[in-house]
Structure formats: C-alpha cells, structure tokens
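> predicted model, plus sequence, below.
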Amino acid sequence: MSNRLNLGDVFPSITLNVTDGSALRIPGAMSGRYFAALFYRGHW
C-alpha cells in the first residue's frame, strides 16, 4: 500500500502545532488554489 498522493488526490487534512503555541490546520488555513508543503525530518 502506497502513502503517496497521486495526481488529482485531495491533500489529507493535518493539524500542525506552531512554535507560538497555536495550531495550523492544512489545507484549510491555506488560501488560494495552490500551495506547497515541505516536511523535513531530522534530529538536531
């Protein structure tokens, strides 16, 4: 089973905790038709 999005798939709804303590719900908080989501995994 693939977790990748295919052309035409709806972006799944996710909620991110922002550093100021608020929550950002994607894609609802994004205005406009297009947006880019970049996720970086790492250990600092």
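The structure has been received and is ready for your questions. Numbers count the residues shown, from 1 in each chain.

> burial measure for residue 30, as a count.
14 (other C-beta atoms under 10 Å). Yep, even glycine has a C-beta here, placed from its N, CA and C like the rest.

> identify the residues contacting it.
Listed by C-beta atoms under 8 Å, 6 or more residues apart in numbering, the contact set of residue 30 is empty.

> state the distance from it to residue 6.
20 Å (C-beta to C-beta, to the nearest Å).

> then residue 29?
On the measure of C-beta to C-beta, residue 29 and residue 6 end up 24 Å apart.

> who has more neighbours out of these two?
residue 29 (11 against 6).

> how near is residue 17 to residue 34?
24 Å.

> more neighbours: which of the two?
Shown here are residue 17 and residue 34; by other C-beta under 10 Å, residue 17 has more neighbours (9 against 5).

> ok, now which ones touch the residue nearest to the more buried one when sequence neighbours are not counted?
In space, residue 17 comes closest to residue 23 once its chain neighbours are excluded; the distance is 5.9 Å by C-beta to C-beta, 6 or more residues apart in numbering. Applying C-beta under 8 Å, 6+ apart to residue 23 gives the contacts 15, 16, 17.

> could I get the pLDDT score of residue 23?
Per-residue pLDDT puts residue 23 at 91.

> quick one: the strands in this structure, in order.
14-17, 23-26 (DSSP state E).

> and the pLDDT at residue 1?
51.

> same check on the one 10 residues further on?
With respect to pLDDT, residue 11 has a value of 77.

> that one against residue 33, yeah?
No - the criterion here is C-beta atoms under 8 Å, and residue 11 misses it with residue 33 at 11.9 Å.

> higher neighbour count, the two?
residue 11 (11 against 5).

> what residues does that one make contact with?
5, 26, 27, 37.

> pull out the buried positions in stretch 17-25.
Buried residues in stretch 17-25, counting neighbours by 16 or more other C-beta atoms under 10 Å, are absent.

> chain center to it: distance?
Chain-centre distance of stretch 17-25: 13 Å, with C-alpha atoms, centre = their mean, to the nearest Å.
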